[in-house]
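> predicted structure and sequence below. I'll ask about it afterward.
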Amino acid sequence: MPNTHSQPQRAYGPAQQGFQGRINESSHGSIDAIRLLRADHKEVEALFEVYERLRSASRKRMITDRICMLLEVHMQIEEEIFYPMVRRMLQLDDLLEEAVADHVSARELIAQIREDDPEDPFFDARVIVLGEYMQRHVKEEHRELFPRVDSSRIDTVALGKRMQARKDQLMAGYSVRVD
Ligand SMILES: [Fe+2]
């Protein structure tokens, strides 16, 4: 599968700082894979809602940079760790193929959004379409995939630990250097 996205070393604004905390870690230090992915979905959905109220081009740039980063990391940990485990244990090939096809489309949009000027008349439209991909992704995972994983023998805590470690590593690749 082609990995079309990059991990740019670019500066992010204040909203991008201090994100690398383990938001899904329980008091016992365990990280459940489903909780981690649900938290990612919630955070990105909230940012799309923030975007809808923005008028300033610089704020639009900042929020979309963060949306793009979070989505890239989310898709990558799903593809590298979560989906392969689901494929091995549950044989949900059709569902997973559809999910990966949506990721390809989302990455194309992300690449365009990163290149575009927020004052470009097409910018808002592209962000809206990316939000629609996200809504569809969330709906399919929450309704179909997560319940199947929850009721399976997959060790979601062990899986979550691996996913959080990879997520931390990927997020560090986007870290800010302000010298
Ligand atoms: Fe997801």
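Nice, thanks for sending it over.
> can you pull the buried residues of the helix or strand harbouring residue 158?
Using DSSP states H and E, the element containing residue 158 is helix 156-172. Of all the residues in helix 156-172, those buried under the rule 16 or more other C-beta atoms under 10 Å are 156, 159-164, 167, 170-171. (Glycine included, C-beta is placed from N, CA and C.)
> include pLDDT and distance to residue 47 when you put these into JSON lines, please.
Conversion of the buried residues of helix 156-172 to JSON lines gives the following (pLDDT from 0 to 100; distance: C-beta to C-beta, whole Å):
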{"residue": "156", "pLDDT": "95", "distance to residue 47": "25"}
{"residue": "159", "pLDDT": "96", "distance to residue 47": "25"}
{"residue": "160", "pLDDT": "97", "distance to residue 47": "22"}
{"residue": "161", "pLDDT": "96", "distance to residue 47": "26"}
{"residue": "162", "pLDDT": "96", "distance to residue 47": "25"}
{"residue": "163", "pLDDT": "97", "distance to residue 47": "20"}
{"residue": "164", "pLDDT": "96", "distance to residue 47": "20"}
{"residue": "167", "pLDDT": "96", "distance to residue 47": "17"}
{"residue": "170", "pLDDT": "95", "distance to residue 47": "18"}
{"residue": "171", "pLDDT": "93", "distance to residue 47": "15"}
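> pLDDT score for residue 28?
Note on residue 28: pLDDT of 48.
> ok, which stretches of the protein are helices?
33-52, 57-77, 83-90, 93-115, 121-140, 146-150, 156-172 (DSSP state H).
> give me the contact list for the third one.
Which is helix 83-90. 92-93, 96, 99-100, 145, 148-149, 152-154, 159 (C-beta atoms under 8 Å, 6 or more residues apart in numbering).
> 10 Å instead?
Applying C-beta atoms under 10 Å, 6 or more residues apart in numbering, the contact partners of helix 83-90 are 33, 75, 77-78, 92-93, 95-97, 99-100, 103, 145-146, 148-149, 151-156, 158-159, 162-163.
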